[in-house]
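S.K.: Curious how this folds, go ahead:
(2 chains)
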Protein chains: 2
Amino acid sequence: MTTGEDAEKQPPHGTTLDDYTDRYSAALRGMTPSEIRALFSVANRPEVVSLAGGMPYVEALPLQSIAALVSEVVSAQGSVALQYGSGQGLPELREQICEVMDLEGIAASADDIVVTTGSQQALDMVSRVFLDPGDVVLAEGPSYVGALGTFQAAQAEVVHVAMDHDGLIPSELKATLERLRRDGRRAKFLYTVPNFHNPAGVTLTESRRDEVMALAEAYDLLVVEDNPYGLLGFEASPGRALRSRSQSRVIYLGSFSKTFAAGLRVGWVLAPHAVRDKLTMVSEAQVLSPSNLTQKVVSEYLLKYPWREQIKVFRDVYQERRDAMLHALELHMPAGITWTRPTGGFYIWLTLPEGWDAKAMVPRALAHKVAYVPGIGFYADGDGVRQMRLSYCYPPPERIAEGIRRLAGVIGEESELRETFGPMLGSGSAANRTSGRSRSRGTETPDPGTV
Amino acid sequence: MTTGEDAEKQPPHGTTLDDYTDRYSAALRGMTPSEIRALFSVANRPEVVSLAGGMPYVEALPLQSIAALVSEVVSAQGSVALQYGSGQGLPELREQICEVMDLEGIAASADDIVVTTGSQQALDMVSRVFLDPGDVVLAEGPSYVGALGTFQAAQAEVVHVAMDHDGLIPSELKATLERLRRDGRRAKFLYTVPNFHNPAGVTLTESRRDEVMALAEAYDLLVVEDNPYGLLGFEASPGRALRSRSQSRVIYLGSFSKTFAAGLRVGWVLAPHAVRDKLTMVSEAQVLSPSNLTQKVVSEYLLKYPWREQIKVFRDVYQERRDAMLHALELHMPAGITWTRPTGGFYIWLTLPEGWDAKAMVPRALAHKVAYVPGIGFYADGDGVRQMRLSYCYPPPERIAEGIRRLAGVIGEESELRETFGPMLGSGSAANRTSGRSRSRGTETPDPGTV
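M.R.: As a prediction, the model looks like this:
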């Protein structure tokens, strides 16, 4: 990922001014580059331990088996695999996706599925179908940065709903819905990642799932359930999908990026029939059809490879890494630093003491050769200043341990600076510089990092 | 492509009413399914000769060589090919794309390229970067249906500019620009397919390219040059790309769908540096990154396979099919029917006599087991009623001949009906039913079908 960024260092043609500014769309002018993206150019240098990116550990895949399978797809089914496909996606793959979803308690018809170019396209399609500028979207605080970017591109207003160690807090959701109702507004949908949340690392409990769906009924709320990590539970499976509780209220997003391979860009969206129709139309306007080749590869893999066993391999890899990170955190972190303890997925959410600024500490962390993502990027309202996301998915356990050791050093330094010179000279002085995009602050959010 | 459509015949869940209507975005409510899409379910039945779809003849590809190459990509470079990539696309592929564009006279930096999920995504990205609801886009009349769909999704107003056998008419472009200026409006860009136009089958002459770009300078107009067919010239290459005449005014769209394989969904956009930056940001919000696997496959193919020779193979295939179609048209079509004579690409544009309605004739054509696309889908303003697009890219020459023979039968029948009962009982009676989307009619368009 660094290479594209490195290329940016070439001088632009002619001038650094943007001659096209007065031609851009209003939606574009509202878009800002992701906080995460700006980090990648340095974070991916080999000497840096990157706890920043959320790249799955594809090295755990059986490359030779996949090579053979891909070769077979092209030689035996090349006239389909290399051709344009249907906007909705290959029927046989959609049938197989139903089997995958069955593992999480979802009963669905293949006809209600649209295959997408990764889950990100599904998010963009959902935004195009439902969002007008100024519309309200509810999302956990913090929330997945790629979703926030898409809602921002649609010029929607994100209202965050607080989480704790049991995930989204139903009483906070209810309070937010009540407040919107009093204001004469309606949320177009609730965007939620119930399982092994990115970035918070928490999971919605079974009883809260019932409560959330009861509120959705009571307030006539649509729910967009994003579930890329659901099959990556370490100790146990998470609760049944929200979609298993309601067919008509839930639009469900799935992905093969974490259970198989992100480079294929194959995800899907399951939606009520009428909505599925619209999603297909939008997808055709965006990409005509998803790649038949990568769809066929996924389909053959599900057909011929023991993919459930491979998911267990992934789980074991990630569990070992989570353990390494938790162990290192216990070992190295000073008092006053807290973090979540995920039972699956890729991420730990760490909270610094009151008044600290995780974003302002990034340069020092990079000087200490460790990278993380500051929490502010996961909020639409300037919150998350003293949080950071730590990913354990990609580096091997010993690198994770070393990364946390380095991070603890950075935190120790910050602590000393603050003790010696007071917070004004520590990174905390930047705490109030970061609220540029602040708007529509939701409820006062209890901190998922503190659990 | 039929399978997805067939699946639609299953009864929807519960009700045929759409319970979500009051939640949809304004942009979505303006979108209508493509005229072409609705045809596919019947057009792809084996007994029907389909002159409708624009599917490239991927059967001419060396499947075993590609299978070996794909296998090599996964086994030797799997950790990259199966992983997330950069939003801008793989650097090595962007370098190779520069070599491909060099064949059409374009000098470019790899840094100014964004790899896309097919050219359709590039169209959507350009629309997102530049278009607000109500903005004016200029486009040839007729124009590529996928582009019209995207502009429609962006709620832009398409103003068509007339073409003749030499492509877009500069004097018509000038008149349109003048008219807009008088009205105090500005076109966000001109969308044009200069080479082997879809659907018109005509090519912009070299001198007109200079004239169009001179007008772009004079009127401060951006040009979006869409060039999927430029390397598929039969007798000679088309003129040099518009992009070779101006780096700052032209956003250039390229694709491997016709020169290699559509199923990979790999295209690209070349844009001035500042615009490229915005396009990358939009692409990340849409799909995070294009598929590394399919990008690697294209890159390896360009590196290791004699791809220029393969393009010659494609040219020979399509030239033979164009010849078969032109010959059959000469042989079977009655007087009063005219058509274009493409020197490359996939399409012939046929014009029926005054007062006829190509769309109304579709059911009869299907009963005669031949399919085409009625011209009205290629206009945003209800024009194209008596035109149709005939594709020669996919069926073998003998099927093309049979298809044209059947089509001539349909046209003969229509002629007889009209002579016997008058136009009110012929399909022409539907001519005025088709202007539902009529708005913003541009200049009076000379008919490219008459040349």
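S.K.: What segments of the stretch 201-350 of chain A are strands?
M.R.: Secondary structure of the stretch 201-350 of chain A (DSSP state E, counting those that start in this stretch): strands located at A:223-226, A:250-255, A:267-270, A:338-339, A:347-351.
S.K.: and these as a markdown table, adding mean pLDDT?
M.R.: Putting the strands of the stretch 201-350 of chain A into a markdown table (pLDDT from 0 to 100) gives the following:
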| stretch | mean pLDDT |
| --- | --- |
| strand A:223-226 | 98 |
| strand A:250-255 | 98 |
| strand A:267-270 | 98 |
| strand A:338-339 | 98 |
| strand A:347-351 | 98 |
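S.K.: Minimum distance to A:C98: which of those has it?
M.R.: The minimum distance between A:C98 and the strands of the stretch 201-350 of chain A falls on strand A:267-270, with 8.8 Å, by Cβ to Cβ. From N, CA and C alone the C-beta is placed, and that goes for glycine too.
S.K.: Check the offset of the closest one from the chain's centre.
M.R.: How far strand A:267-270 lies from its chain's middle: 15 Å, per Cα atoms, centre = their mean, to the nearest Å.
S.K.: Who are the packing partners of it?
M.R.: Packed against strand A:267-270 by the contact rule (3 or more Cβ pairs under 8 Å, 6 or more residues apart in numbering or on different chains; DSSP states H and E) you find helix A:91-102, strand A:113-116, helix A:118-130, strand A:250-255, helix A:273-287.
S.K.: I'd like the ones you listed as JSON lines, with mean neighbour count and distance to B:W349 appended.
M.R.: Converted to JSON lines, the helices and strands packed on strand A:267-270 look like this (neighbours: other Cβ atoms under 10 Å in any protein chain shown; distance: least, Cβ to Cβ, whole Å):
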{"stretch": "helix A:91-102", "mean neighbour count": "19", "distance to B:W349": "33"}
{"stretch": "strand A:113-116", "mean neighbour count": "29", "distance to B:W349": "32"}
{"stretch": "helix A:118-130", "mean neighbour count": "28", "distance to B:W349": "31"}
{"stretch": "strand A:250-255", "mean neighbour count": "25", "distance to B:W349": "41"}
{"stretch": "helix A:273-287", "mean neighbour count": "24", "distance to B:W349": "23"}
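S.K.: These: which one's closest to B:A67?
M.R.: Here helix A:91-102 is closest among those (Cβ to Cβ), at 19.8 Å.
S.K.: Hey, what's the angle from the closest one to strand A:250-255? Just curious.
M.R.: Orientation check (axes from the mean of the first three to the mean of the last three Cα atoms, to 10 degrees): helix A:91-102 against strand A:250-255 gives 110 degrees.
S.K.: Could you export the strands of the stretch 201-350 of chain A as CSV, including distance to A:F196?
M.R.: Listed next are the strands of the stretch 201-350 of chain A as CSV, based on distance: least, Cβ to Cβ, whole Å:
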stretch, distance to A:F196
strand A:223-226, 11
strand A:250-255, 13
strand A:267-270, 17
strand A:338-339, 15
strand A:347-351, 8
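S.K.: So which residues of the stretch 301-450 of chain A form helices?
M.R.: A:307-332, A:362-367, A:397-421 (DSSP state H, counting those that start in this stretch).
S.K.: Between the ones you listed, which one is closest to B:F234.
M.R.: Among those, the nearest to B:F234 by Cβ to Cβ is helix A:307-332 (46.7 Å).
S.K.: Does anything pack onto the closest one? Which helices or strands?
M.R.: Helix A:307-332 packs on strand A:347-351, helix A:397-421, going by 3+ Cβ pairs under 8 Å, 6+ apart.
S.K.: and the first one, is it in reach of chain B?
M.R.: No - using Cβ under 8 Å from any Cβ of the partner chain, no contact is recorded between strand A:347-351 and chain B, whose separation bottoms out at 15.4 Å.
S.K.: strand partners of that strand, parallel vs antiparallel please.
M.R.: Applying DSSP bridges, strand A:347-351 is found paired with strand A:338-339 (antiparallel), strand A:387-391 (antiparallel).
S.K.: now for the ones you listed, which one comes closest to B:Y84?
M.R.: strand A:387-391 (12.5 Å).
S.K.: Could you tell me the angle between that closest one and helix A:397-421?
M.R.: Angle of strand A:387-391 versus helix A:397-421, following the same axes, to 10 degrees, is 160 degrees.
S.K.: and the helices and strands packed on helix A:307-332, which one's lowest on average pLDDT?
M.R.: Mean pLDDT values for the helices and strands packed on helix A:307-332 show the minimum at helix A:397-421, a mean of 95.
S.K.: so how far is that helix off the chain centroid?
M.R.: For helix A:397-421, the distance to the chain centre is 26 Å (Cα atoms, centre = their mean).
S.K.: what does stretch A:164-177 give?
M.R.: The chain centre lies 19 Å from the centre of stretch A:164-177; the measure is Cα atoms, centre = their mean.
S.K.: now check it, is it near chain B?
M.R.: No - if you take Cβ under 8 Å from any Cβ as the test, stretch A:164-177 misses chain B, and the best it gets is 15.4 Å.
S.K.: And the spatially closest residue to A:S291 that is not a sequence neighbour, how far from B:R29?
M.R.: Excluding the flanking residues, the one nearest A:S291 by Cβ to Cβ, 6 or more residues apart in numbering or on different chains is B:R265, at 4.3 Å. Distance, B:R265 to B:R29, by Cβ to Cβ, to the nearest Å: 28 Å.
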